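Prediction below, plus the sequence it came from.
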Amino acid sequence: MNGRRAAADRLDKPREACGLFGVHGHPQAAAIIREGLFALQHRGQEGAGIAVACGSGIQVIRGQGLLTEVDARTPFDALNGCSGIGHVRYSTTGASSLRNVQPLTGEGADGMWAVAHNGNLVNAGALRRARQEAGALFHTGTDSEVLLHLLVVPNRPGGDRVAGALEALDGAFAFLLLNGRQLMAARDRYGLRPLSLGRLGPAWVFASETCALEQVGATHERDLEPGELATVDADGLRSTRFAPEPPRRAQCVFEMVYFARPDSRLFGHWVHEVRVAHGRRLAREHPAAVDCVTAIPDGGHYAAQGFACESCLPLESLFVRNHYAGRAFIVPDAAARAQRADRKLAVLASAVRGRRVAVVDDSLVRGTTIRRRVAALRQAGAAEIHLRIASPAAAHPCFYGIDFPTRGELAASGRTAEDIRRFVNADSLGYLSPEGLVEPLADGDRFCRACFTGDYPTAMGSDDKTSLDNDSDLGDSHG
């Protein structure tokens, strides 16, 4: 089933993300990676894998499901080595399948390579076709495999092979690369996807978010710079650039709004502080005459906290989460997925009945899930429901690894806020302004806001946008 045709069957929240974790110089690399990935489980729940360098070879264990499920079937403790990389996965298009679970591995003339990727390569289709026309065989449907093929063919004379391969890529990526001698980490030239560097005693550690560094007891040294290639081997850490400094940086603002864990420090900002600030600004821009404020769990919690504090209103938990309902997105039938998603949240009817409620959420993409939440509050007897969204209207698709639906499926594409208010059946609807989005970010001009503004940081042609929107070139990307 084509991934974009299936988008209408998905839940309302966008999916990105994929989490990366790597370590070099630790005698129990697999155990450390497993702990780091556990802290990044929110970034990917469809598959998990760990690859560890063992002599000149690479051992890998990967499988579908949560990290703990994969570990229970084939324990990661079987991997022995001092250097390795790990990955937790969401697919951004197409069906989830074992062949696309990372790290991916391949063998070139100089030995084995393993690759783990977070992001989306906007020129992957063209690069893939070029390699296929040259006789290459691809074994997965992910754009990440393109890098493996670039690594095992010669680049320009005198050029560094890895840097040359990375320079050929366009779009969003954070990569971890492993061979028998080295662990390498790279971040795309725009800085779209996050990647941090840490120390764990004598070992070097890389992670998508700082919460994973804290999970293993590592200290956060710094973030990788856009266009940076960091290499760790027996000689220590060294850093080079594979791409010049771009005219603009484009750090993904949706990481701050939704994806990152609240206790992470991302792009130089504490995520929970930014979300609280968004809620405060939202209260000033769209005040509501209500009795209480509540959040749609879990994404809206910190914005609701800021909204309630700024409004001098009580923040109440009117939704009760059932943690045993299971993962809705793995259920193949759309109606069954929606039913399971609804089972996850119940309403405290006695606390809702007859009251005016401000409902805060971090984002509104398709509107279908929020519509069901509003309906549940109405059924419980809420007198008024005022919906507040702690981000601007998402009216444009993302081509950089966030699974936003196609333009036609985005609620805000071609529709007014009043249209959406009527659709979700709220008494009022207020979005955070674009100015409010960047207010708590002193370096707001360094963030990509294309999903809200349509201003894309890469110079994509119409063919690139069409192929990505229709998913005609790649069967299954990954986050």
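Perfect, I can see it now.

Can you give me the pLDDT of residue 409?
pLDDT recorded at residue 409 is 77.

low pLDDT regions in this protein?
Applying pLDDT under 70 to the chain flags the ranges 1-17, 91-96, 153-159, 324-341, 403-405, 460-479.

50 instead, please
1-11, 93-95, 157-158, 329-332, 461-478 (pLDDT under 50).

what's the helix or strand for residue 37?
helix 29-39 (DSSP states H and E).

Give the buried residues for the helix or strand containing residue 357.
Per DSSP H and E, residue 357 falls inside strand 356-361. Within strand 356-361, the residues scored as buried using 16 or more other Cβ atoms under 10 Å are 357, 358, 359, 360, 361. For the C-beta atoms, the positions are set from N, CA and C on the backbone; glycine is no exception.

For residue 170, state which of those is nearest.
Comparing the buried residues of strand 356-361 against residue 170 with Cβ to Cβ places residue 361 closest, at 32.8 Å.

pretty sure that closest one is touching residue 297, no?
No: at 9.5 Å, residue 361 does not count as touching residue 297 under the criterion of Cβ atoms under 8 Å.

Tell me how this protein divides into domains.
Residue ranges for the domains of the chain, per automatic domain parsing: 5-250, 270-443.

Looking at those, which is nearest to residue 258?
Closest among the domains of the chain, once you apply Cβ to Cβ, is domain 270-443, at 4.9 Å.

re the thing from before, run the chain-centre distance for the strand holding residue 357.
On the basis of Cα atoms, centre = their mean, to the nearest Å, strand 356-361 sits 26 Å off its chain's mean C-alpha point.

Now distance to residue 459 too, for the domains of the chain, in TSV please.
Below are the domains of the chain laid out as TSV (distance: least, Cβ to Cβ, whole Å):
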stretch	distance to residue 459
domain 5-250	8
domain 270-443	12
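
of all these, which lies closest to residue 452?
domain 270-443 (4.2 Å).

and the gap between residue 395 and residue 259?
Noted for residue 395: a distance of 19 Å to residue 259, by Cβ to Cβ, to the nearest Å.

swap in residue 304?
In terms of Cβ to Cβ, residue 304 sits 18 Å off from residue 259.

still on that earlier bit, and residue 395 and residue 259? Which one has more around it.
residue 259 (29 against 17; other Cβ atoms under 10 Å).

surely the more buried one meets residue 40?
No: applying Cβ under 8 Å, one finds residue 259 not in contact with residue 40, separated by 10.7 Å.

what's around residue 109, how many residues?
Neighbour tally, residue 109, other Cβ under 10 Å: 7.

returning to what we had before: out of the buried residues of strand 356-361, what pair is the most spread apart?
Every pair of the buried residues of strand 356-361 checked by Cβ to Cβ; the farthest is 357 and 361, at 12.6 Å.

what's the neighbour count on the residue lying closest to residue 319 once chain neighbours are set aside?
Distances taken as Cβ to Cβ, 6 or more residues apart in numbering place residue 345 nearest to residue 319, at 4.8 Å, with adjacent residues excluded. For residue 345, the count of nearby residues is 18 (other Cβ under 10 Å).

Enumerate every residue touching residue 345.
296, 297, 319, 320, 321, 322, 373, 376 (Cβ atoms under 8 Å, 6 or more residues apart in numbering).

now swap in residue 117 and tell me
18, 20, 87, 102, 142-144, 147, 173-176, 478.

ok, and the most crowded of those?
Going by other Cβ under 10 Å, residue 87 tops the contacts of residue 117 with 35 neighbours.

what secondary structure does it sit in?
strand (DSSP: H, G, I helix; E, B strand; the rest coil).

how close does it get to residue 69?
15 Å.

by contact count, what packs against the helix or strand hosting residue 176?
Residue 176 is part of strand 171-178, with elements assigned from DSSP H and E. Applying 3 or more Cβ pairs under 8 Å, 6 or more residues apart in numbering; DSSP states H and E, one finds that strand 171-178 contacts strand 19-24, strand 83-89, strand 111-121, helix 145-151, strand 183-187.

Redo the ones you listed as JSON lines? Include distance to residue 426.
Listed next are the helices and strands packed on strand 171-178 as JSON lines, based on distance: least, Cβ to Cβ, whole Å:
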{"stretch": "strand 19-24", "distance to residue 426": "34"}
{"stretch": "strand 83-89", "distance to residue 426": "35"}
{"stretch": "strand 111-121", "distance to residue 426": "33"}
{"stretch": "helix 145-151", "distance to residue 426": "44"}
{"stretch": "strand 183-187", "distance to residue 426": "40"}
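
Nearest to residue 165, out of those?
Per Cβ to Cβ, nearest to residue 165 of the helices and strands packed on strand 171-178: helix 145-151, 3.7 Å.

can you pull out the strands in the stretch 251-400 of the chain?
Here the stretch 251-400 of the chain has its strands, by DSSP state E, counting those that start in this stretch, at 251-252, 265-266, 269-270, 292-295, 319-321, 345-347, 356-361, 384-389.

partner strands of the second one, parallel or antiparallel?
The strands that strand 265-266 pairs with in its sheet are strand 269-270 (antiparallel) (by DSSP bridges).

For residue 399, see how far away the residue located most distally from the centre of the chain is.
Largest separation from the mean C-alpha position in the chain: residue 354, at 38.5 Å (Cα atoms, centre = their mean). Computed as Cβ to Cβ, the residue 354 to residue 399 distance reads 46 Å.

nearest residue to residue 104 other than its sequence neighbours?
That would be residue 115: by Cβ to Cβ, 6+ apart, it lies 5.0 Å from residue 104.
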